[in-house]
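Colleague: Sequence plus predicted model, see below.
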Number of protein chains: 6
Amino acid sequence: MATLGLIEYKDATPEVRAVYDDIMLTRKTDWINNFWKAIAHDPAMLKHTWDGMKQIMGPGSLDPLTKELIYVAISVSNQCGYCIASHTASARKKGMSDEMFKELMAVVGMANATNRVVAGYQVEIDEEFKNK
Amino acid sequence: MATLGLIEYKDATPEVRAVYDDIMLTRKTDWINNFWKAIAHDPAMLKHTWDGMKQIMGPGSLDPLTKELIYVAISVSNQCGYCIASHTASARKKGMSDEMFKELMAVVGMANATNRVVAGYQVEIDEEFKNK
Amino acid sequence: MATLGLIEYKDATPEVRAVYDDIMLTRKTDWINNFWKAIAHDPAMLKHTWDGMKQIMGPGSLDPLTKELIYVAISVSNQCGYCIASHTASARKKGMSDEMFKELMAVVGMANATNRVVAGYQVEIDEEFKNK
Amino acid sequence: MATLGLIEYKDATPEVRAVYDDIMLTRKTDWINNFWKAIAHDPAMLKHTWDGMKQIMGPGSLDPLTKELIYVAISVSNQCGYCIASHTASARKKGMSDEMFKELMAVVGMANATNRVVAGYQVEIDEEFKNK
Amino acid sequence: MATLGLIEYKDATPEVRAVYDDIMLTRKTDWINNFWKAIAHDPAMLKHTWDGMKQIMGPGSLDPLTKELIYVAISVSNQCGYCIASHTASARKKGMSDEMFKELMAVVGMANATNRVVAGYQVEIDEEFKNK
Amino acid sequence: MATLGLIEYKDATPEVRAVYDDIMLTRKTDWINNFWKAIAHDPAMLKHTWDGMKQIMGPGSLDPLTKELIYVAISVSNQCGYCIASHTASARKKGMSDEMFKELMAVVGMANATNRVVAGYQVEIDEEFKNK
């Protein structure tokens, strides 16, 4: 169980409900996942995190699906079980196909391998890559 | 200096040169970065890694730029200095604008933060995210 | 189940029991948590780890609660489920309030975010921070 | 050099200068460290990060020094060179003595060791640590 | 459940079955563990990963048991539950005794501790260790 | 420079010199590398770490070279530059050939890749791997 428990909508303060409402409206859904209910014990953090998430993950120079794929890739690299489950579901909802998922995993594996091989061989950064 | 040193083109065996040639041809460039020169001491690994990289990072359901952005995101999460420098340069070459880079960094920061907050609050995976 | 199983007090050698006794005495408790029972298969490691833990986590320039909060922060950053659960419980026992926990999580999130953003932007260390 | 370069005060927009001014005022200092100058290319992120940092790292149930020690501990665990240098300097400024630093490092070493040993022995979470 | 589900032998294409057959033949076993069944949705990755695994983990200058111990050590450092379980089982099958396992865990703990302590104390690399 | 500076032999207390002497005697060398000089500011930690290192890294069911290879593998996975440099040098001194190094790096790359791929595909642990 979550350390401080989960705050359900019916038990939430108006301040927390306002964030819950905006999450559901923005995501076009009628439920709130556990992450938000867990951090709702800290209303300032709930609001700060949601405001950041809403702004950062929305459309920009990068489209929302690309951002979600990046989120999954990082969560996988960090071995965060909850994040892998939740952001894989989000990515699917935003249009990630099975093919995209498989290619994503291939990149994740390759990057995590070469990140260590390059460190292990103690490779110096090429001049061409500096100051650029 | 790299643990086993760097193998320059002029000193390379035909087997290694073949990989170097393919790297330069594929990337439309006339030089080889240190990573490949460092692992060229292990020609089987050089070939295996390049073959994988070429296939995985090429066009598919995800375009090469998206894959490169994912590579940067993972390298940053893993604190791999060489990889950050080299893949940031690659991403630029493939079309990453300053705006894209900034949005990428914002996602990287957010994901690395929430990956830990969710673990710290010991949040359980929602039933809605399972078996999906 | 733990790889080598758990060694209960009744089945323990006098050498292991001596450590178990000291753990219970030091912590003012009447039970031993699974971590110690799991590594008790290696009595030298059990003793070395407990001796280190007892010395390091005790009062000093930093008080025991501060040290426990640091332990939780690292465990969360490393995604160690067992450690998060056990050290959160320890921190509570040493006086961590809900408010402290929430502030701790906010720092953990912030630090994990900026640790990557600074690497991603390839920021060089300021001269003012060197040799100090 | 930082990926997008560093934005000095004299070259900054009023929006960025306002954040720089608040950093210097809050920290009672007359200079800005590279991290902020690097992310100033993204004024929204600069402001969002500084606002969060200011709020999270200020006094609360945990005092600013304790929070700074936690920040150092995480930065060390994550191998972030810049963050170790900058937050060690900050911690010193907030009162960290040599003794505190040494005790902090001892906790960091111990936590990073046991985080892995417990995972390696595949230890299950004690019932006593659940739902709490 | 695995993201894309598991592909059982009876439901597999000839291409996938060929890999499954080679895994069972090489490992002298009559079953396939979930990892392979999960990535079999991407037959190219299945084959590429198995081919690499077979070549890399086989006898060479390092014997298969030593390689398996290294695999366990990395999996433990990375907090990968599945990998710890599967590679601990593999190591046992290749001859890892309880004594070896315990010594392995002691090295894993020590290395993860000192990796951070050295970073925290900001220790510079000795000249004697460079260019070598 | 190291956070607290380096303590040279000539400036060391008898307590610290005793550890330095034992390091040089055990390693059959006439110098002390920076790691020990940096943590010598904390004589208790210096002694505790060296005693542990000496015991853990010495001969046992696993030979010293195997242990050193494991140390390198973990240091590489954790991106610890100092540790990679120092333990690669140690491994060489204990007999690591170029071939062994190359095979080690191949295992490190493979393990770091599959550790993430298995997490990304959300693969459940096989019953055959449990309770064992």
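Modeller: All right, it came through fine. Residues are numbered from 1 along each chain as shown, chains lettered A, B, ... in the order given.

Colleague: show me the contacts for whichever residue of chain A sits closest to chain E.
Modeller: Chain E sits closest to residue A:102 of chain A, with a gap of 4.1 Å, by C-beta to the nearest C-beta. For glycine as for every other residue, the C-beta is placed from the backbone atoms N, C-alpha and C. With contact taken as C-beta atoms under 8 Å, 6 or more residues apart in numbering or on different chains, residue A:102 is in contact with E:4, E:41, E:42, E:45.

Colleague: Mind jotting down where the helices sit in chain A?
Modeller: For chain A, the helices defined by DSSP state H occupy A:14-27, A:34-39, A:43-57, A:64-77, A:81-93, A:98-120.

Colleague: near chain E, which residues of chain A show up?
Modeller: With the criterion set to C-beta under 8 Å from any C-beta of the partner chain, chain A comes near chain E through A:79, A:88, A:98, A:101, A:102, A:105, A:106, A:109.

Colleague: what's the first one in contact with, if anything?
Modeller: In this structure, residue A:79 makes contact with C:79, E:78, E:79, E:80, F:115, F:116, F:119, judged by C-beta under 8 Å, 6+ apart.

Colleague: at 7 Å instead, please
Modeller: Shown in contact with residue A:79 (C-beta atoms under 7 Å, 6 or more residues apart in numbering or on different chains): C:79, E:78, E:79, E:80, F:119.

Colleague: Setting the sequence-adjacent residues aside, check what's closest to residue A:62.
Modeller: The shortest distance from residue A:62 to any non-neighbouring residue, by C-beta to C-beta, 6 or more residues apart in numbering or on different chains, is to residue B:103 (4.8 Å).

Colleague: ugh, wrong one, residue A:61
Modeller: Sequence neighbours aside, residue B:99 is the residue nearest to residue A:61 in space, at 3.9 Å (criterion: C-beta to C-beta, 6+ apart).

Colleague: confidence score at that neighbour?
Modeller: If you check residue B:99, the pLDDT there is 98.

Colleague: now residue A:131
Modeller: At residue A:131, pLDDT is 61.

Colleague: if we can go back for a sec, contacting chain F as well, which ones from the contacts of residue A:102?
Modeller: Among those, the residues that sit close to chain F (C-beta under 7 Å from any C-beta of the partner chain) are residue E:4.

Colleague: Which of the contacts of residue A:102 sits closest to chain B?
Modeller: For the contacts of residue A:102, the nearest to chain B is residue E:45 (8.7 Å; C-beta to the nearest C-beta).

Colleague: Near chain F, which residues of chain A are found?
Modeller: A:76-77, A:79, A:84-85, A:105, A:108-110, A:112-114, A:116-117, A:119-122.

Colleague: repeat that for 6 Å
Modeller: A:76, A:77, A:79, A:105, A:108, A:109, A:112, A:113, A:116, A:117, A:119, A:120 (C-beta under 6 Å from any C-beta of the partner chain).

Colleague: list the contacts for the fifth one?
Modeller: The one in question is residue A:108. Contact analysis of residue A:108 by C-beta atoms under 6 Å, 6 or more residues apart in numbering or on different chains lists A:73, A:76, F:116, F:120.

Colleague: The first one too?
Modeller: Remark: with contacts taken as C-beta under 6 Å, 6+ apart, residue A:76 is in contact with A:84, A:108, F:116, F:119, F:120.

Colleague: just residue A:35 next, same as before
Modeller: Taking C-beta under 6 Å, 6+ apart, one finds B:118, B:123 in contact with residue A:35.

Colleague: What pLDDT does the model give it?
Modeller: Looking at residue A:35, its pLDDT stands at 98.

Colleague: ok, now how distant is it from residue C:109?
Modeller: 12 Å (C-beta to C-beta, to the nearest Å).

Colleague: cool, and residue A:67?
Modeller: For residue A:67, the distance to residue C:109 - C-beta to C-beta - is 18 Å.

Colleague: now do residue A:7
Modeller: Counting by C-beta to C-beta, the gap from residue A:7 to residue C:109 is 18 Å.

Colleague: between those two, which one's more packed in?
Modeller: Set residue A:7 next to residue C:109 and count neighbours by other C-beta atoms under 10 Å in any protein chain shown: residue C:109 wins out with 28 against 22.

Colleague: Next, the contact list for that one, please.
Modeller: B:113, B:116, B:117.

Colleague: ok, so of the residues you listed, who is nearest residue D:12?
Modeller: residue B:113 (26.1 Å; C-beta to C-beta).

Colleague: State the distance from the closest residue in space to residue A:20 that isn't next to it in sequence to residue A:86.
Modeller: Ranked by C-beta to C-beta, 6+ apart and with sequence neighbours excluded, the top spatial neighbour of residue A:20 is residue A:32, at 5.2 Å. With distances taken as C-beta to C-beta, residue A:32 is found 12 Å from residue A:86.

Colleague: where are the low-confidence patches of chain A?
Modeller: Low-confidence segments of chain A, defined by pLDDT under 70: A:131-132.

Colleague: Roughly how far does the residue of chain A found nearest chain C sit from residue D:68?
Modeller: Nearest to chain C, among the residues of chain A, is residue A:42, at 4.1 Å (C-beta to the nearest C-beta). Residue A:42 is 20 Å from residue D:68, where distance means C-beta to C-beta.

Colleague: What of residue A:76?
Modeller: 31 Å.

Colleague: for residue A:100, same thing?
Modeller: Applying C-beta to C-beta to residue A:100 and residue D:68 gives a distance of 42 Å.

Colleague: next one: residue A:40
Modeller: 27 Å.

Colleague: and the contacts of residue C:109 as CSV, adding distance to residue B:16 and neighbour count?
Modeller: Below are the contacts of residue C:109 laid out as CSV (distance: C-beta to C-beta, whole Å; neighbours: other C-beta atoms under 10 Å in any protein chain shown):
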residue, distance to residue B:16, neighbour count
B:113, 43, 26
B:116, 42, 27
B:117, 47, 25
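
Colleague: out of these, who's near chain D?
Modeller: Counting by C-beta under 6 Å from any C-beta, no member of the contacts of residue C:109 reaches chain D.

Colleague: tell me which of those is nearest to chain A?
Modeller: Using C-beta to the nearest C-beta, the shortest approach to chain A within these belongs to residue B:117, at 6.5 Å.

Colleague: show me the contacts for that closest one.
Modeller: C:105, C:109.

Colleague: Chain D versus that one, what's the distance?
Modeller: 12 Å (C-beta to the nearest C-beta, to the nearest Å).

Colleague: Residue A:109 too?
Modeller: Residue A:109 sits 21 Å away from chain D when distances are taken as C-beta to the nearest C-beta.

Colleague: Kindly report the same for residue A:71.
Modeller: Per C-beta to the nearest C-beta, residue A:71 is found 17 Å from chain D.

Colleague: contacting residues for residue A:15?
Modeller: Contact analysis of residue A:15 by C-beta under 6 Å, 6+ apart lists residue A:43.

Colleague: One more: residue A:23?
Modeller: With contact set as C-beta under 6 Å, 6+ apart, residue A:23 has no partners.
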